[in-house]
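Undergrad: sequence? don't have it. structure:
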């Protein structure tokens with residue numbers, strides 16, 4: 001293995017087919033090095049009551065796994081309003097025949113502030129989400145006086161693997177630590193954790209030789225602990241993340 005400049009793509013194996021065909025189109029294929037750093041698995045929500053006035057989605061994965069649960073799907077379709085703040089999430093909802101209201105904000109924290117000005121006091125809000133959300137929106141909305149409930153519908157396993165989902169051998173990790181260079185692109189804080197868990201960049205050359213391209217503020221903050229150079233995309237979208245990575249290669 002020799003050291004070459006590459007765009008290290010850390011999204012999951014499940015996302016790869018669509019990413020390669022659509023999201024990564026601007027990137028020459030020989031420059032892309034796919035190192036999956038997280039995997040997603042469906043989980044069964046433990047709530048008995050899915051009634052709500054409004055539903056908030058903060059990721060396309062929440063749409064994918066949430067609407068796969070019949071009770072959540074019915075609650076979403078019967079809600080008075082569906083809110084989100086991301087292009088990919090909005091597109092995923094529209095693809096399922098839903099009409100989301102897209103807030104003109106960038107982060108989940110900003111979405112909470114925006115919702116406070118739009119929803120009636122004490123409204124019941126359902127949030128399909130991961131077992132460990134990147135930001136505690138339900139807690140924040142509850143503090144604002146709403147009746148917010150997390151509907152945990154999937155789990156995230158953060159760990160860099162082979163493209164077949166197998167654990168990287170000690171030799172493979174050592175070789176990658178010695179030879180990787182270029183830009184590592186992160187679309188979530190979980191992907192940062194998965195990469196850092198295996199490669200520990202803050203303890204080796206990767207800390208300096210890799211530029212971390214991040215999709216938004218929470219991912220940017222996570223990457224700062226592990227990389228000397230961290231850049232943030234112009235918008236919270238995968239095309240913007242790819243463009244940022246290419247601009248820094």
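TA: On my side now, so go ahead. Every value quoted in this text rests on a predicted model; they were computed, and no experiment measured them.
Undergrad: quick one: the strands in the protein?
TA: Using DSSP state E, the strands of the chain run over 5-9, 32-34, 38-42, 54-56, 81-84, 101-102, 124-130, 147-158, 181-186, 210-214, 229-232.
Undergrad: would you tell me which of those gets closest to residue 19?
TA: Closest of the strands of the chain to residue 19 is strand 5-9, at 6.9 Å (criterion: Cβ to Cβ). Heads up, the C-betas are built off the backbone N, CA and C, glycines and all.
Undergrad: pLDDT score for the most centrally placed residue in the chain?
TA: Centroid check for the chain by Cα atoms, centre = their mean gives residue 188 as the closest residue, at 3.8 Å. What the model reports as pLDDT for residue 188 is 93.
Undergrad: how about the nearest residue to it once chain neighbours are set aside, what does it touch?
TA: Excluding the flanking residues, the one nearest residue 188 by Cβ to Cβ, 6 or more residues apart in numbering is residue 219, at 5.8 Å. Shown in contact with residue 219 (Cβ atoms under 8 Å, 6 or more residues apart in numbering): 186, 187, 188, 189, 191, 192, 232.
Undergrad: same list (the residues you listed) but as a markdown table, adding distance to residue 115.
TA: Below are the contacts of residue 219 laid out as a markdown table (distance: Cβ to Cβ, whole Å):
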| residue | distance to residue 115 |
| --- | --- |
| 186 | 26 |
| 187 | 23 |
| 188 | 22 |
| 189 | 22 |
| 191 | 26 |
| 192 | 27 |
| 232 | 24 |
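Undergrad: nearest to residue 36 among the residues you listed?
TA: Among those, residue 191 lies closest to residue 36 (Cβ to Cβ), at 8.8 Å.
Undergrad: go ahead and confirm that closest one touches residue 10.
TA: Yes. Counting by Cβ atoms under 8 Å, residue 191 touches residue 10, with 4.4 Å between them.
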